[in-house]
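Undergrad: I'll drop the sequence and a predicted model, then ask my questions.
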Amino acid sequence: MINDNGNIFLSNSIEETKINVKDLQIGMYVSRLDRPWLETTFLFQGFELKTTDDLKEVQKQCDYVFVDVSKQIKNVRNAVKSTPYSKSWIETRKAPPKKTNFSQEFVYAESVYHKTGSLVKGFMEHVTLGRTLNVEIAKKAVAECVQSIINSPDALMWLTQLKNVDEYTSQHSMNVCIFSIALGRQLDLSEPELEDLGLCGMMHDMGKMKIPLHILNKPGAFEPEELAIMQSHPALGQQLLISSHGLPGCVIDAVYGHHERLDGKGYPRGLTAERVAPYTRIVTIADTYDAISSDRVYKKGKTHLESIKIMTQSSGDHLDSGLVIKFIESLGIYPPGNLVELSDGEVAVVIETNPVKKLKPKITMLLDENKKRVKPRLVDLSKVDLDASGQPYSIKRMVRPEDYDIDLNLLYKMGVVANSLATA
């Protein structure tokens, strides 16, 4: 279903728009309903809204409908084309300014990340044991994530890089929650909208807890019957969340639909673009990015640049192209927690992006030009013009941690971020 905040979704095919009934206007032409026509009192399958009584009757019987833009009066048609989540609307959205910087936010973000991560892991254990979810606790945890992302998104984004292959499923759900909120912030959504979006991300894979472990963790290709079982997890998740009272409809819809594709080749329903709701599209993008960029038992994760290249190539038929662009904007050119090699050969980890000078983030030095360990120190590339040899400082390329035997989890436990911030 369309999200509970009244957002409207513009279809990628023909001139049909999915719209919340609260946003209907006189002059719109209703072409489809959210239920069979025979289950309503409407005499005709397709009609123009001519009076306020028409509006009230549709609002009484439906949650959302589809309107045919080509059959509407001109001023209404133009209004619909610039409604939320239309291409033109997405292109104009800009993220609000940060409220704090990384160093001010990091301690709070650490607490939120670890507390919420443990909560997600606990939820998954409860599902495995056949228990329902505590929705109110989940909402409070997501609200804290939202506050941290609003304050300074780089802090929680940095922590998404602390990955453990053995805890992939729970960490993945946590990361998808964070990435979804970050994309929502890039669209300048309200706090209630961001909280619903975070819940969508957190809950999207809960159905996997009903999948046998030998299939869920299988390193090789699935047999046909195994694939069918694996692809049942969206439906299993939907059933689970329906029984866990208090979740918004948009969350259940995102859980059920996050493996749908805009070209209709996804699962479980094979929905085409006009039937895939905005929050579902956002969660699918966050899910895809974290899955591609994470190490798994059976594959190594891709670098950030490799990941966004794959996603860009999938835009249009699989992923929403406008939202993919906004997602890349939310991450930055050099996302927090990624490793970079500088022009003089030094290696550093990105700490905080610079929204103005995008090629000049704050970094913490880890290796010198000879790839020897150095005492971590924070460097703001936007303020440092020359390296030790007198040459202009710049980032040459992004590198993998294993390229230089760097364990980001170990460095974090040793306090590399906190110590570098303290010496700044």
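TA: Ah, there it is.

Undergrad: The residue most central in space within the chain: which element?
TA: The centroid of the chain falls nearest to S180 when counting by CA atoms, centre = their mean (2.5 Å). S180 is part of helix 168-186 when elements are defined by DSSP states H and E.

Undergrad: Restricting to C-alpha, output that helix in PDB.
TA: The C-alpha atoms that make up helix 168-186 are tabulated as PDB, following Å, rounded to 0.1, in the frame of the first residue of the first chain:
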ATOM      1  CA  TYR A 168      25.100 -10.700   8.400                       C
ATOM      2  CA  THR A 169      21.300 -11.000   8.600                       C
ATOM      3  CA  SER A 170      20.800  -8.900  11.700                       C
ATOM      4  CA  GLN A 171      23.500  -6.300  10.700                       C
ATOM      5  CA  HIS A 172      22.100  -6.100   7.200                       C
ATOM      6  CA  SER A 173      18.600  -5.300   8.600                       C
ATOM      7  CA  MET A 174      20.200  -2.600  10.800                       C
ATOM      8  CA  ASN A 175      22.100  -1.100   7.900                       C
ATOM      9  CA  VAL A 176      19.100  -1.100   5.600                       C
ATOM     10  CA  CYS A 177      17.200   0.800   8.400                       C
ATOM     11  CA  ILE A 178      20.000   3.400   8.500                       C
ATOM     12  CA  PHE A 179      20.500   3.700   4.700                       C
ATOM     13  CA  SER A 180      16.700   4.100   4.200                       C
ATOM     14  CA  ILE A 181      16.500   6.900   6.800                       C
ATOM     15  CA  ALA A 182      19.600   8.600   5.200                       C
ATOM     16  CA  LEU A 183      17.900   8.500   1.800                       C
ATOM     17  CA  GLY A 184      14.700   9.800   3.300                       C
ATOM     18  CA  ARG A 185      16.700  12.700   4.900                       C
ATOM     19  CA  GLN A 186      18.100  13.400   1.400                       C
END
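
Undergrad: contacting residues around the residue nearest to the centre of the chain?
TA: L197, G198, C200, G201, I282, V283, A286 (CB atoms under 8 Å, 6 or more residues apart in numbering). Placement of C-beta: from N, CA and C, glycine included.

Undergrad: Can you list phi and psi of the nearest residue to K94 once chain neighbours are set aside for me?
TA: Nearest residue to K94 in three dimensions, chain neighbours excluded: D188, at 6.3 Å (CB to CB, 6 or more residues apart in numbering). D188 adopts backbone torsions of phi 60, psi 40, taken as degrees, to the nearest 10.

Undergrad: Got the phi and psi for F66?
TA: phi -110, psi 130.

Undergrad: What's the separation between it and Y29?
TA: F66 sits at a distance of 10 Å from Y29 (criterion: CB to CB, to the nearest Å).

Undergrad: go on, D263?
TA: From D263 to Y29 the distance is 26 Å (CB to CB).

Undergrad: for the chain, what's the longest helix?
TA: helix 102-128 (DSSP state H).

Undergrad: Now that one: buried residues?
TA: Judged by neighbour count using 16 or more other CB atoms under 10 Å, the buried positions of helix 102-128 are 102-103, 105-106, 108-110, 112-113, 116-117, 119-121, 123-124, 126-127.

Undergrad: Now do it: distance to the chain's middle.
TA: On the basis of CA atoms, centre = their mean, to the nearest Å, helix 102-128 sits 17 Å off its chain's mean C-alpha point.

Undergrad: Now V374. Its backbone dihedrals?
TA: phi -130, psi 160.

Undergrad: That one contacts A348, doesn't it?
TA: No. In this structure, V374 is not within contact of A348 by CB atoms under 8 Å, at 9.7 Å.
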